[in-house]
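Peer 1: Next input, structure requested:
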Amino acid sequence: MKRVIITAAGLLLLAAPAAYGISAKYRQQLEQSGCTQMSEAEGCDINKSKAENAKAGFSNPAAESAPASQSPPYAGQWVAKSSDGNTVATIRIDGSEHVWVNGKKVSAKRSDGALEFKQGMIVYRIQGDRNLKGQDTWYDTDAGTKGPIQPE
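Peer 2: Numbering: from 1, shown residues only. Model prediction:
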């Protein structure tokens, strides 16, 4: 009985909606205009282009120094393995953090620096910090089994 309650509570926490500080549309306007929330408060116009705002004296040094083609740490091919070494699932994550498990697209979300997604009763978690070894895992909530996820 305790196992059912703990499992239900865990699933409820995974299903809880994430809170975001700004909307996706506003974030996109900031990126296209080259403004930050701070520079917008100082007069940077999010309805203008980066070039127009730079000409007016507003620039985003953090955005300019970051490489534009840098992909997220989750991007690539992954394989979820069972304890006996069999493949549980093949996972593909693109540069926009769209996820496919065994060729089927699934929704994913970031949680505590990791990318989490679910297909059926299996919850997958890939850690964003590639220095943390052994923390890319999957867990079958129905069977209670778990195992590692490895880059391919």
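Peer 1: So which residues of this protein form helices?
Peer 2: 2-15, 24-33, 37-41, 50-55, 61-65 (DSSP state H).
Peer 1: What helices and strands are in contact with the second one?
Peer 2: Packed against helix 24-33, as judged by 3 or more Cβ pairs under 8 Å, 6 or more residues apart in numbering; DSSP states H and E, are the following elements: helix 50-55. (C-beta placed from N, C-alpha, C; glycine too.)
Peer 1: for the chain, what helix or strand is lowest in average pLDDT?
Peer 2: Comparing every helix and strand of the chain by mean pLDDT, DSSP states H and E singles out helix 61-65 as the least confident one, with a mean of 49.
Peer 1: quick one on the thing from earlier: out of the helices of the chain, flag the one nearest Q127.
Peer 2: Q127 sits nearest to helix 2-15 of all the helices of the chain, at 16.1 Å, using Cβ to Cβ.
Peer 1: picking up where we left off before, mind checking which of the helices of the chain is nearest T87?
Peer 2: Nearest of those (Cβ to Cβ): helix 2-15, 23.7 Å.
Peer 1: for this protein, which spans come out with low pLDDT?
Peer 2: Filtered on pLDDT under 70, the chain yields the residue ranges 12-21, 59-71.
Peer 1: residue ranges of the strands in it, please?
Peer 2: For the chain, the strands defined by DSSP state E cover 76-81, 87-93, 99-101, 104-106, 108-111, 114-119, 122-127, 137-140, 146-151.
Peer 1: Partner strands of the longest one, with direction?
Peer 2: What it means is strand 87-93. Strand 87-93 sits in its sheet next to strand 76-81 (antiparallel), strand 99-101 (antiparallel), going by DSSP bridges.
Peer 1: Those: which one's closest to S39?
Peer 2: strand 99-101 (33.4 Å).
Peer 1: neighbouring contacts of that closest one?
Peer 2: 89-93, 105-108, 115, 117, 119, 124 (Cβ atoms under 8 Å, 6 or more residues apart in numbering).
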